[in-house]
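1. quick one: sequence and predicted model below, then my questions.
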Amino acid sequence: DAYERGLIMGSLQKELIVEQEKAFVTEIENVLPNYFFRKLLLYSVGWFNRSLDQSVPMEIRREIYGVSRSFSDDFNFVGPKYNRIINYHAAHDIGHMAQNMNLVACSALARWDFKDGQNTMLLGRNFDFYFGDDFAENKIVQFVNPNNGYRFVSVTWGGFCGVVSGMNEHGLTITLNALPSEIPGSSSTPVSIIARLVLQYAQTIQEAYDIVEKHDVFVSESFTIVSAQDSLAAVIEKTPLATDIYYPPGKQLIVTNHFQGELNKNSELNQNHIAESESEYRFQRLEELSLKNDSLCPETMVSILRDRVGLGGKSIGNGNPQTLNQLLAHHAVVFDPINRIAYISNAPYQLGSFMAYDLAHMDDIDRVLIDSLVLPQDTFLSSEEYQDLKRYRTIRDEINKRMKSDSNSTLTDEYFSAFIALNPDYFEAYKTVGDYYFENGNIEEACQYYAIALKKEIPYKSYRQEMNDKMMEE
C-alpha cells in the first residue's frame, strides 16, 4: 500500500536521496548566491505552496510521507521533511514559472505502423529538465507494484514519487512537456503527480484524459500519451482553465513546448512563445529527421534524440537549446509499448548506453534487464569535441563568476580566442565575451563580439534584444 511503498522507496534510495537533495539545494545557492534572495525565495515558495498538500491525493501523500522518513535532517533549514518533499514535487511546475531560467525544454517523438503485420510503436523523448550536472548524475529506474491500479516503470530520482517519463504494464506511456503559461496566483496539483495517477490507473488514452481533466493545475502542461491498446498516440494539453486533446493526422506525433490543440494553438500566448523561443525550431528539426529516417526501430529513435545540429544539418554549436540534444538532459527514454520494453539512457545526458528493461518480467530482477538489447553509448563521448565542450563550459562558468565578482584581474584576448575555439559555432561563446567586455566598460570591444553572436543561430528573442540594446549604448 501507499505508506509501505514510501517506506520501501525511502529505504532503498536513502543515500541517493541525500545526494539528490544536496545537489538540488546547492544549485539553488549557485543560482541565487545572495542569502537574502534565497530566504525571500524560500518564503515566497512556502507562501505560494502553503496548501499544496491538499491538492495531492491522499494515496500519494501517504507515499510521500513514507519516503520523507528517509530524508536527512541536514536540510531542515529549508523546512520539515514532509513539507519540503511535497514542495519538491512542484519543482517541475516552478521551473515553468521561471521560464527565463530555461530549466525545461523537452522534445518527444512518437511513431507507429500497424500495417502488413508490423505492429510497431515507439516513443522517444529527451527530458531536458536541468538543475545542475550533479542533479542529473544519478537516475533511478523504479518498478512499482501498487496494491491498487497497474504496475509501472518510471525514470525518477531520489525521493520523487511523481512521474515525468513512464510506462505501465498495459503498454500506456506518459511523458511531460512544458507549455507556455501565465504566472499563476496559487498552487494546485503538481503535473508530475497527475502523470503518476495516469500511469497507475489508465489503460487507454480516454482514461488518461479523464484523469487529467478532473485535476486542477497551476501551470500549463502537455501529457504525451502512447497507448498500445488504442494503437495510437495523442497529447493532452492542460491549462489552469481547460483540458484539450490533440490527435495527429498521420502515424506520427511530435511534441516540443507549444500548443497544437484547437483551444490554444492560435492564442496570443502560444504565438508569442513560438516567435520568441526555440520550440518551433526543435519541432521542425524533429520533422526533418523523421522524414530522413523512415526506419522504425529503437536505434533510429536514439540517433534522433542524440542529434546535436540544427535545421539542414547546420552546426549551431554544442549545447544550443535549438538542438534536440542540448547536452543537459536528465534522461532520455525510448518506450516500446507493444513489447513492453523501456530503453533508458545512462549518464551523461542521453550519451551513455541505453539499458533495455522488460516490463513482462518486472517482478523478477534477474530477468528484467535484457543485456542483448542494450544500445551502445554515443561515439561523441569518446571524441575530442566532447572534451572541448566540457572545457568550454568550465571556462564559461569562470568568466561569468568573474563578472559577478569584484576581481580586478583582466582576461586577455588570447584567453577569449582559445575559449571561443572550443565551441566556435555557438552564439553563447561570443555573447559571453561581449558581456565580459560590456561589464568592464569596454563597449566597443563588446559590440564586436555581439555583432558576431547576432549572425549565429540564437534560440531566444530576449537574447537578441539584449545584445541589440547594449550595442545601442556605444
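-> Everything's here; your move.

2. which SS state does the spatially closest residue to Q203 that is not a sequence neighbour fall under?
-> Nearest non-adjacent residue to Q203, counting by C-beta to C-beta, 6 or more residues apart in numbering: H170, 4.4 Å away. (Each C-beta comes from the backbone N, C-alpha and C, glycine too.) Counting by DSSP: H, G, I helix; E, B strand; the rest coil, the backbone at H170 sits in coil.

3. mind checking pLDDT for H170?
-> Predicted confidence (pLDDT) at H170: the value is 97.

4. against S107, how distant is it?
-> 25 Å (C-beta to C-beta, to the nearest Å).

5. list the pairing partners of whichever helix or strand F335 is part of within its sheet, with orientation.
-> Assigning secondary structure by DSSP states H and E places F335 in strand 331-336. Paired neighbours of strand 331-336 in the sheet (DSSP bridges): strand 120-127 (antiparallel), strand 341-345 (antiparallel).

6. can you redo these as CSV with distance to K431?
-> Below are those laid out as CSV (distance: least, C-beta to C-beta, whole Å):
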stretch, distance to K431
strand 120-127, 24
strand 341-345, 30
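
7. quick one: closest of those strands to N266.
-> Proximity to N266 (C-beta to C-beta) singles out strand 120-127 among the strands paired with strand 331-336, at 25.8 Å.

8. re the thing from before, wait, the residue nearest to Q203 sits on Q229?
-> Yes: between H170 and Q229 there is a contact at 6.3 Å, judged by C-beta atoms under 8 Å.

9. more neighbours, those two?
-> When H170 and Q229 are compared for neighbours, H170 comes out ahead with 18 against 14, by other C-beta atoms under 10 Å.

10. quick one, what contacts the more buried one?
-> Counting by C-beta atoms under 8 Å, 6 or more residues apart in numbering, H170 touches 150, 203, 228-229.

11. try 10 Å
-> 150-152, 202-204, 207, 227-229, 337, 340, 359 (C-beta atoms under 10 Å, 6 or more residues apart in numbering).

12. filter these down to the buried ones, PyMOL style.
-> Entered in PyMOL, the line below selects the buried ones among these, by 16 or more other C-beta atoms under 10 Å:
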select buried, resi 150+151+152+202+203+204+207+227+228+337+340+359
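
13. just the contacts of H170: which are in helices?
-> Of the positions in these, E207 sit in helices, assigned by DSSP state H.

14. for T323, see how far away I236 is.
-> According to C-beta to C-beta, I236 and T323 sit 27 Å apart.

15. alpha carbons of the helix or strand I211 falls within, as PDB, please.
-> Assigned by DSSP H and E, I211 belongs to helix 205-213. Provided in PDB are the C-alpha atoms of helix 205-213 (Å, rounded to 0.1, in the frame of the first residue of the first chain):
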ATOM      1  CA  ILE A 205      -6.000   7.500 -23.900                       C
ATOM      2  CA  GLN A 206      -9.600   8.200 -22.900                       C
ATOM      3  CA  GLU A 207      -8.900   7.000 -19.300                       C
ATOM      4  CA  ALA A 208      -5.800   9.200 -19.200                       C
ATOM      5  CA  TYR A 209      -7.800  12.200 -20.400                       C
ATOM      6  CA  ASP A 210     -10.400  11.600 -17.800                       C
ATOM      7  CA  ILE A 211      -7.800  11.600 -15.000                       C
ATOM      8  CA  VAL A 212      -6.000  14.700 -16.300                       C
ATOM      9  CA  GLU A 213      -9.300  16.600 -16.800                       C
END
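
16. where do the strands sit along the protein?
-> Here the chain has its strands, by DSSP state E, at 107-113, 120-127, 140-144, 152-156, 165-168, 172-178, 221-227, 232-238, 243-246, 252-255, 331-336, 341-345, 354-358.

17. of all these, which one is nearest E276?
-> For the strands of the chain, proximity to E276 was assessed by C-beta to C-beta; strand 172-178 is nearest, at 14.5 Å.

18. contacting residues for G159?
-> G159 makes contact with 6, 9-10, 13-14, 16-18, 20-21, 24, 64, 67-68, 70-71, 81, 84-85, 88-89, 140 under the criterion C-beta under 10 Å, 6+ apart.

19. ok, Q118 next?
-> 112, 296, 338.

20. gap between it and E299?
-> For Q118, the distance to E299 - C-beta to C-beta - is 16 Å.

21. likewise for D363?
-> Distance, D363 to E299, by C-beta to C-beta: 28 Å.

22. also Y430?
-> Computed as C-beta to C-beta, the Y430 to E299 distance reads 36 Å.

23. more crowded one of the two?
-> Per other C-beta under 10 Å, whichever of Y430 and E299 has more neighbours is Y430, with 24 against 13.

24. the more buried one against F416, yeah?
-> Yes: Y430 is within contact range of F416, at 9.3 Å (criterion: C-beta atoms under 10 Å).

25. what is in contact with those two at once?
-> Joint contacts of Y430 and F416 (C-beta under 10 Å, 6+ apart) are Y449.
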